[in-house]
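> I'd like to go over a predicted model; first the sequence, then the structure.
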Amino acid sequence: VKLVESGGGLVQAGGSLRLSCTASGFTFGGNAMSWYRQAPGKGREGKGRELVAAITSAGGRKNYADSVEGRFTISRDNAKNTVYLQMNSLKLEDTAVYYCNAGYSLAKYDYWGQGTQVIVSS
């Protein structure tokens, strides 16, 4: 399993970013995918990650954390083995390292990529 996240960066509050996660090593199109985030100082690696958004294998159903509902949109392109997270109206509290994994409500794989850092400044 390999998960490669990208697209993070430094952005002002109210701005937007689009994250990408390209997956390999498993049947991407047959799996739900999710985005997680770990804020600074929130638990050890592998603990304290917050489920942000999830999408079913064909993209027909999506779920969002209350904290991002209406601001973030998850989507996927099964032909490219890629899942996206469009983040709009970013807030300071969105600052975190963002990760993807397979699964809808629980991370399917113990393996995590390096994540992509999002820093929202005032």
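That came through, no problem. Numbering: from 1, shown residues only.
> Tell me the predicted confidence for the nearest residue to Lys80 once chain neighbours are set aside.
Closest residue in space to Lys80, ignoring its immediate chain neighbours: Thr22 at 7.3 Å, by Cβ to Cβ, 6 or more residues apart in numbering. C-beta coordinates here come from the backbone N, C-alpha and C atoms, glycine included. In this model, Thr22 is scored at 98, pLDDT.
> Quick check: bridge partners of Thr22?
Beta-bridge partners for Thr22, by DSSP bridges, are Val4, Thr82.
> Quick one: the strands in this structure, in order.
Along the chain, counting by DSSP state E, strands occupy 2-6, 9-12, 17-24, 33-38, 50-55, 62-64, 72-77, 82-87, 96-102, 116-121.
> would you turn these into CSV with mean neighbour count?
As requested, those are exported to CSV (neighbours: other Cβ atoms under 10 Å):
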stretch, mean neighbour count
strand 2-6, 17
strand 9-12, 12
strand 17-24, 19
strand 33-38, 24
strand 50-55, 21
strand 62-64, 17
strand 72-77, 19
strand 82-87, 23
strand 96-102, 24
strand 116-121, 17
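> contacting residues for the spatially most central residue of the chain?
Nearest residue to the geometric centre of the chain (Cα atoms, centre = their mean): Trp35, 2.5 Å. Residues near Trp35 by Cβ atoms under 8 Å, 6 or more residues apart in numbering: 19, 21, 51-54, 74, 83, 85, 98-100.
> Now with 7 Å, please.
With contact taken as Cβ atoms under 7 Å, 6 or more residues apart in numbering, Trp35 is in contact with 52-53, 74, 85, 98, 100.
> For it, give me the pLDDT.
Model confidence at Trp35 (pLDDT) stands at 97.
> so it bridges to which residues?
For Trp35, the beta-bridge partners under DSSP bridges are Ala53, Cys100.
> Can you tell me the number of residues neighbouring Thr27?
Residues contacting Thr27 under the criterion other Cβ atoms under 10 Å number 11.
> Retrieve the pLDDT associated with it.
According to the prediction, Thr27 has pLDDT 96.
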